[in-house]
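J.: Show me the folded form of this:
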Amino acid sequence: MPVILPVKGVNPTFGEECFIAPNATIVGDVVVGNNCSIWFNAVVRGDVNSITIGNESNIQDGAVIHATYLKAATYIGNRVSVGHNAIVHGCEVKDNVLIGMGAIVMDNAIIQEYCIIAAGSVVLENTICESGYIYAGTPAKKIKPITDEQRALLNKLPDNYIMYAGWFSQ
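T.: Numbers count the residues shown, from 1 in each chain. As a prediction, this is how the structure comes out:
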C-alpha cells in the first residue's frame with residue numbers, strides 16, 4: 001500500500017483516475033492532476049514546500065520530486081514524463097516535457113514546453129531551458145532542436161503511461 005501522509009495537517013490530493021504504485025511515497029502539500037501515475041519507489045515529498053503535478057503526467061520508478069524550504073516550490077505541468085530515478089527539485093517544468101532517466105533539475109530552473117532533458121543530465125539552478133530543444137550534459141546545455149519524431153514522442157509518451165497504469169486496474 002502506498003505511503004500517503006499529511007505533513008503539518010496538509011494531505012496530498014489526487015485527481016481522477018490516478019495510478020499510485022503500492023510502494024510509492026507521497027506526503028504533504030502535493031496536488032496531483034487527473035490521469036496521472038506515480039510509479040514504484042517514486043517519492044513525492046511536499047513537506048518543506050508545495051508540489052503541483054498537472055494532468056496526464058507520470059512520475060516513473062525511483063524518481064524523487066522535492067522542493068526547498070521557504071525558497072522554491074515544484075511545479076510539473078500537464079503531460080510531463082519524469083524518467084526513472086530522475087530528481088526534480090524546486091523548479092518549474094512546463095507542459096509536454098520529458099525529463100530523462102537519472103536527470104537532475106535543480107532549484108528555480110524553468111523547463112519550457114516541448115523540451116527533452118537527456119538521461120543523466122544536470123540542469124543547474126536558475127537555468128532556463130528553451131522550448132523545442134534537447135538539453136544534455138553536466139551541466140546541461142542546449143544541444144539541438146527536437147525533431148518532429150521527438151515532438152511526436154513527447155505527445156505519445158503520456159498516453160502510453162496512462163495505458164500502462166490501466167493494466168494494474170484490471
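J.: What residues sit buried inside the longest strand along the chain?
T.: In the chain, assigned by DSSP state E, the strand with the most residues is strand 43-53. Using 16 or more other C-beta atoms under 10 Å as the test for burial, strand 43-53 gives 43, 44, 45, 46, 47, 48, 49, 51, 52, 53. Heads up, the C-betas are built off the backbone N, CA and C, glycines and all.
J.: mind listing what the residue most central in space within the chain touches?
T.: Centroid-nearest residue in the chain, with C-alpha atoms, centre = their mean: residue 82, separated by 4.1 Å. Neighbouring residues of residue 82 by C-beta atoms under 8 Å, 6 or more residues apart in numbering: 57, 58, 59, 60, 63, 65, 76, 88, 93, 99.
J.: before we move on, back to that, please could you give me each C-alpha atom of the longest strand of the chain, formatted as CSV?
T.: Extracted as CSV, the C-alpha positions of strand 43-53 are listed here (Å, rounded to 0.1, in the frame of the first residue of the first chain):
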residue,chain,number,x,y,z
VAL,A,43,8.9,9.8,-3.8
VAL,A,44,6.9,13.0,-4.0
ARG,A,45,7.7,14.9,-0.8
GLY,A,46,5.7,18.0,-0.2
ASP,A,47,7.0,18.5,3.3
VAL,A,48,9.0,21.7,3.0
ASN,A,49,7.2,23.4,0.1
SER,A,50,4.3,22.7,-2.3
ILE,A,51,4.4,20.3,-5.2
THR,A,52,1.9,20.5,-8.1
ILE,A,53,1.7,17.9,-10.8
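J.: Would you tell me what the next helix or strand after it is?
T.: strand 58-59 (DSSP states H and E).
J.: so after that next one, what's the next helix or strand?
T.: Next element after strand 58-59 (DSSP H and E): strand 64-66.
J.: tell me how far that following strand is from the chain's mean position?
T.: 8 Å (C-alpha atoms, centre = their mean, to the nearest Å).
J.: Same check on stretch 106-117?
T.: 10 Å.
J.: Now the longest strand of the chain: average pLDDT?
T.: When pLDDT is averaged along strand 43-53, the result is 98.
J.: repeat for stretch 81-88
T.: 98.
J.: Who are the contact partners of residue 118?
T.: 100, 103, 134, 135, 136, 137, 140, 143.
J.: Spell out the secondary structure type for residue 162.
T.: Secondary structure state of residue 162, per DSSP: H, G, I helix; E, B strand; the rest coil, is helix.
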